[in-house]
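>>> Next comes the sequence, and after it the predicted model I'd like to discuss.
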Number of protein chains: 2
Amino acid sequence: MFRAAELGQTVTKKEYKERAPEIRRQLLEAQVLLGRTADFSVMIDFAGVDGAGKGSTVNLLNSWMDTRLIATNSYGLASETDEHKPKFWRYWRDLPGKGQMALNLRARYSQPFLDRVYERTTNLEYLAELKRIQTFERMLADDGMLILKFWMHLSSEEQEQRLEALQSDPETAWRVSDRDWEHWKMYTQFIETAERTITETNTEFAPWHIIEGADKNHRILTVSEIILDALTTRLKAHGHEPTPELLIDEEATDVEDPIPEPPDRHVTVFSTLDMESSLTKTEYRNQLAAQQRRIHLLNRKAIEQNRSSVVVVEGPDAGGKGGAIRRILPTLDARNYRVLQYGAPTDEEASRHYLWRFWRHLQRAGHLTIFDRSWYGRVLVERIEGFASETEWKRAYAEINDFEDQLIEHGTILVKYWLHITPEEQLSRFEARQRTPHKRWKITPEDWRNRGKWYEYETAAHDMIKYTSTHVSPWEIIPANDKNYARVKVLERFGDYLEAALQDSSES
Amino acid sequence: MFRAAELGQTVTKKEYKERAPEIRRQLLEAQVLLGRTADFSVMIDFAGVDGAGKGSTVNLLNSWMDTRLIATNSYGLASETDEHKPKFWRYWRDLPGKGQMALNLRARYSQPFLDRVYERTTNLEYLAELKRIQTFERMLADDGMLILKFWMHLSSEEQEQRLEALQSDPETAWRVSDRDWEHWKMYTQFIETAERTITETNTEFAPWHIIEGADKNHRILTVSEIILDALTTRLKAHGHEPTPELLIDEEATDVEDPIPEPPDRHVTVFSTLDMESSLTKTEYRNQLAAQQRRIHLLNRKAIEQNRSSVVVVEGPDAGGKGGAIRRILPTLDARNYRVLQYGAPTDEEASRHYLWRFWRHLQRAGHLTIFDRSWYGRVLVERIEGFASETEWKRAYAEINDFEDQLIEHGTILVKYWLHITPEEQLSRFEARQRTPHKRWKITPEDWRNRGKWYEYETAAHDMIKYTSTHVSPWEIIPANDKNYARVKVLERFGDYLEAALQDSSES
């Protein structure tokens, strides 16, 4: 079965650079259309051989599409809570709504699969588990969900090479565990079980796609094309056709720069920042790698100590929030983090206190949650746009401080970043986005309108920092005109927080 | 402070019968208006001396109002999951949305209060906890929530008498535990802490009301009047005035009985029921008490063994579902059960598979959930009204069987009731409801329309039972023309299920 995925297919860097932007753009178009029409939901599972690129593919898809409509779910062993509910409870809990997409790692197949490989279950028991999974998938597919499953494959030799390559480089050696080698030695059992799994659960409503995982470029393009094809076909069946126009908002092009002159005596906490801070490419590479390694180790320690972290990233549009967050992710264990970006509130959310939608997503101990924008929206956009009254946003400072106090008292490591850029830098980034087809959608008329209120936003951010930068939970204000500098600084400060917190707790 | 609640105030049975229906009707009007306008949410806390009637007051309020808009939350010790989140997480999780009402038992005050009484915390620590609670309440009140808090009081003598009375009657002796007597011996510490608590947290935005708890009639009328007054005042402040017309749907009055003749050869699983089954008043009283005692003991055993139960109650409109459920509740520990009744789906629910809204409310091990109507709506009302296509409702039988299989495999004790009545009995109950002011709202034009489809519903119920009454999860079909008979039968069968399941597990 897996011979066809050991052909040594590769895609050259040149070919990748030619093809990727187009696929990326089309994928995004399809996703935007899916979100707007909300006719069905999408669930994509990634399984396969360790080291075959499941996590990196998921990270890449997240970076290509609009993350407000994607949830990445990674399931480890069932937690004590999970065990209080029927096995499938956590998969039901995380089902995407219509218009949304779930990317799943180590999901419903994982535990039964490992139980079978380690012969903790019989073949018949395994078949019964697969039958239950199939019933689940059929039920969702019948309800209109688009389900895709990828098996990322490596040959035994490729897996060995991959592990050895990682291990021999001091920069990446930490990524290889004893368990990885144990699994590699059991390669045959893994593959036999995989064959059985795929044979039994490869249905027209939830098909498996076997992907040759060895070459990163090939893998990414193949996966994206399959998703694109399935998504487009389904959209067309619903009478919708993705078009490039979906990503182009005419109102957002040919806009005259709306930025006003700074008001008199406009002195903020940002006035003292050294906006020239930067790193050379070499400095960046070295420091990035060093900080990532450091955070990886600290994060493992945090998991062992059952400490949670909450990372808040705020800053002007195009300030580089997403890029900084993506530099943290590779250092983490996919089972233990979640990146949250909030779109419009659902009716359940709109009907409650504005902090409710953040409380509801707090994760269990030992987990990391990154908020790409956060509850601070209350004193930024909601203040400026008048969504919150003056009384409301003024009292929000105290409400937020109280919320964060509760996190910290509970033992959560809280880090808050403000990535600051100059208005000139923002303009040049907006213009660069408009020139790049797959980034053009990121610029909306709203971004331009917000830009017109640059100094109001700066004042709001200044007040926010003044009132919510407390001794226990200060703001990290980072000059971000140079992306390299900002990214390394974000990692470095995160490492400092982790170090201090984990130190403290081992002393106490 | 509590002298004023030891005046020996009583309300005679006669006075209660005169005043209660009017308060009940007005309370319901106000609640219906709250639900329709959805301008704010309501949170009501019940705390106080053991035996002062907290639980029975909550049960009564549930029986007086529309339970689709009420959530009763009872918090015990924090579970392992709760401890993975900041302390207030579970109170945030359960916040009512606008238009909804939460009735809380043993909520945010309970644990800090007991910690202080038992001197596990210092006075200063307790004050800090109270300050946090006050911040929480202020935040919600600022957001528009109506918050009321009741302290149900008994004097030391009254508490002693209450405990002794319960203990001396073999029917109720089980209700008194060693812990109750331990608390009674600590009466002074309790009262001192209560005074401190109320003094520190009695605010204009979340006031305490001290209620004299000894006389049931007095207690209930006082609590209801306070709620009614606060609710009406707030509604008026929002420009709404409750009126009797809110509960009267003209379309539902003076309706000609729409029931058609039964179709030819209409033979169903209900045709063989002995619809004359009944109990005399004495039989009812004796058997009810015996069954309630039996279930109380079995339920305690289920909690000890960490077994969950799910009880589904279905049947025609006015079939007596609510009345039967209310006869189960007094046997249960308020911390361990929840009654769920589903209104229109929220947008998060409507956007997912129809079973999602039931999965999401599955409770942790050791808990009991009663569904007053359930997932079977898919093959009943959704089938008849065409909300589900024929393909959809036909495949729902298998989907539901699979769902229930998962519950049972997980160790859940599942009991499903169909309370059957004849069309003649339904008509007489509809008419009786129309004659009773505080019940009139229960009859809607939809009920009459459904009645017009009596035989279609009977056929759908017949099919449902045919396809979903499985060996592991049969339907209990109960002739319910006589309410007494049905209520006792529901309890008796529930007891049988519990007994069988708990027997099994102790053997295995």
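Arrived safely, thanks for sending.
>>> measure stretch A:258-270 end to end?
21 Å (Cα to Cα, to the nearest Å).
>>> Not counting its own residues, what contacts that stretch?
A:420, A:423, A:427, A:448-449, A:451-452, A:454-455, A:458-459, A:461-462, A:465-466, A:477 (Cβ atoms under 8 Å, 6 or more residues apart in numbering or on different chains). Backbone N, C-alpha and C define where each C-beta goes, glycine included.
>>> quick one, strands of the stretch 51-200 of chain A?
A:70-74, A:101-105, A:146-153 (DSSP state E, counting those that start in this stretch).
>>> what packs against the longest one?
So that's strand A:146-153. Judged by 3 or more Cβ pairs under 8 Å, 6 or more residues apart in numbering or on different chains; DSSP states H and E, the packing partners of strand A:146-153 are strand A:42-48, helix A:54-64, helix A:123-142, helix A:187-201, strand A:208-212, helix A:216-237.
>>> Parallel or antiparallel, list what pairs with it.
The sheet places strand A:146-153 alongside strand A:42-48 (parallel), strand A:208-212 (parallel), with pairing taken from DSSP bridges.
>>> The closest residue in space to A:E225 that isn't next to it in sequence: what's it in contact with?
Nearest non-adjacent residue to A:E225, counting by Cβ to Cβ, 6 or more residues apart in numbering or on different chains: A:I23, 6.3 Å away. Contacts here follow Cβ under 8 Å, 6+ apart; on that basis A:I23 touches A:L221, A:S224, A:E225, A:L228.
>>> State the distance from A:H462 to A:S63.
Between A:H462 and A:S63 the computed distance is 31 Å (Cβ to Cβ, to the nearest Å).
>>> in the stretch 401-508 of chain A, which spans are strands?
Under DSSP E, counting those that start in this stretch, the stretch 401-508 of chain A gives strands at A:413-420, A:475-479.
>>> Would you tell me whether the first one gets close to chain B?
No. In terms of Cβ under 8 Å from any Cβ of the partner chain, no part of strand A:413-420 sits within range of chain B; the closest distance is 11.4 Å.
>>> what's the answer for stretch A:370-385, then?
No. Residues of stretch A:370-385 are not located near chain B by Cβ under 8 Å from any Cβ, the shortest gap being 11.4 Å.
>>> residues contacting A:V472?
A:E404, A:D405, A:I408.
>>> buried sites along stretch A:221-240?
A:221-224, A:226-228, A:230-232, A:234-235, A:240 (16 or more other Cβ atoms under 10 Å in any protein chain shown).
>>> right, I mislabeled it, should have said stretch A:172-190
Result for stretch A:172-190 [16+ other Cβ under 10 Å]: buried residues A:R175, A:V176, A:D180, A:H183, A:W184, A:Y187, A:F190.
>>> likewise stretch A:10-18?
Here stretch A:10-18 shows A:V11, A:Y16 as buried, counting by 16+ other Cβ under 10 Å.
>>> and stretch A:191-210, average pLDDT?
Mean per-residue pLDDT for stretch A:191-210: 96.
>>> Give me the distance between the two termini of that stretch.
Using Cα to Cα, the two ends of stretch A:191-210 sit 12 Å apart.
>>> buried set for it?
A:I191, A:T193, A:A194, A:R196, A:T197, A:I198, A:T201, A:A206, A:W208, A:H209, A:I210.
>>> check contacts around the third one.
Think A:A194. If you count contacts by Cβ under 8 Å, 6+ apart, then A:A194 has A:M1, A:F2, A:G48, A:F113, A:W151 around it.
>>> Please determine how far it is located from chain B.
25 Å (Cβ to the nearest Cβ, to the nearest Å).
>>> now swap in the fourth one and tell me
Spatial separation of A:R196 from chain B under the definition Cβ to the nearest Cβ is 22 Å.
>>> what pLDDT does the closest residue to that residue other than its chain neighbours get?
Closest residue in space to A:R196, ignoring its immediate chain neighbours: A:Y126 at 7.4 Å, by Cβ to Cβ, 6+ apart. Listed pLDDT for A:Y126 reads 97.
>>> quick one, what contacts A:Y126?
A:P112, A:D115, A:R116, A:T193, A:R196.
>>> From what I see, the first one and A:E129 are in contact.
This points to A:P112. Yes. A:P112 lies in contact with A:E129 (Cβ atoms under 8 Å); the separation is 3.9 Å.
>>> can you list the residues of the stretch 301-450 of chain A near chain B?
Residues of the stretch 301-450 of chain A lying close to chain B by Cβ under 8 Å from any Cβ are A:346-348, A:351-356, A:359-360, A:362, A:364-365, A:392, A:395, A:398-399, A:402, A:406-407, A:409-410, A:412.
>>> can you tell me which of those are in helices?
A:D347, A:E348, A:W356, A:W359, A:E392, A:R395, A:A398, A:E399, A:D402, A:Q406, A:L407, A:E409 (DSSP state H).
>>> Just the buried ones from these?
Buried among these (16+ other Cβ under 10 Å): A:W356, A:W359, A:E392, A:R395, A:E399, A:D402, A:Q406, A:L407.
>>> Dump these to JSON lines, plus distance to B:E18 and pLDDT.
Supplementary listing: those in JSON lines, determined by distance: Cβ to Cβ, whole Å; pLDDT from 0 to 100:
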{"residue": "A:W356", "distance to B:E18": "42", "pLDDT": "96"}
{"residue": "A:W359", "distance to B:E18": "45", "pLDDT": "95"}
{"residue": "A:E392", "distance to B:E18": "46", "pLDDT": "96"}
{"residue": "A:R395", "distance to B:E18": "46", "pLDDT": "96"}
{"residue": "A:E399", "distance to B:E18": "46", "pLDDT": "96"}
{"residue": "A:D402", "distance to B:E18": "47", "pLDDT": "95"}
{"residue": "A:Q406", "distance to B:E18": "49", "pLDDT": "95"}
{"residue": "A:L407", "distance to B:E18": "53", "pLDDT": "95"}
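>>> quick one, what contacts A:A128?
A:A128 neighbours (Cβ under 8 Å, 6+ apart): none.
>>> Then A:S469?
Contacts of A:S469 (Cβ under 8 Å, 6+ apart): A:W475.
>>> if I look at A:V117, how far off is A:T201?
A:V117 is 16 Å from A:T201, by Cβ to Cβ.
>>> do the same with A:D94
Taken as Cβ to Cβ, the span from A:D94 to A:T201 is 19 Å.
>>> Please report which of the contacts of A:V472 has the highest neighbour count.
Comparing these by number of neighbours (other Cβ atoms under 10 Å in any protein chain shown), A:E404 comes first, having 20 neighbours.
>>> In this model A:S473 seems to touch that residue, though I could be wrong.
Yes. Proximity of A:E404 to A:S473 meets the contact threshold set by Cβ under 8 Å, at 4.9 Å.
>>> so what's in contact with the two at the same time?
Joint contacts of A:E404 and A:S473 (Cβ under 8 Å, 6+ apart) are A:L414.
>>> hmm, back to that, of all the strands paired with strand A:146-153, which lies closest to B:E29?
Of all the strands paired with strand A:146-153, strand A:42-48 sits nearest to B:E29, with 45.3 Å by Cβ to Cβ.
>>> what's the angle between that closest one and helix A:187-201?
150 degrees (axes from the mean of the first three to the mean of the last three Cα atoms, to 10 degrees).
>>> chain center to strand A:42-48: distance?
Chain-centre distance of strand A:42-48: 15 Å, with Cα atoms, centre = their mean, to the nearest Å.
>>> can you tell me how far whichever residue of the stretch 101-250 of chain A sits closest to chain B sits from B:A5?
Closest contact between the stretch 101-250 of chain A and chain B, by Cβ to the nearest Cβ, is at A:D143 (4.6 Å). Taking Cβ to Cβ as the measure, A:D143 falls 55 Å from B:A5.
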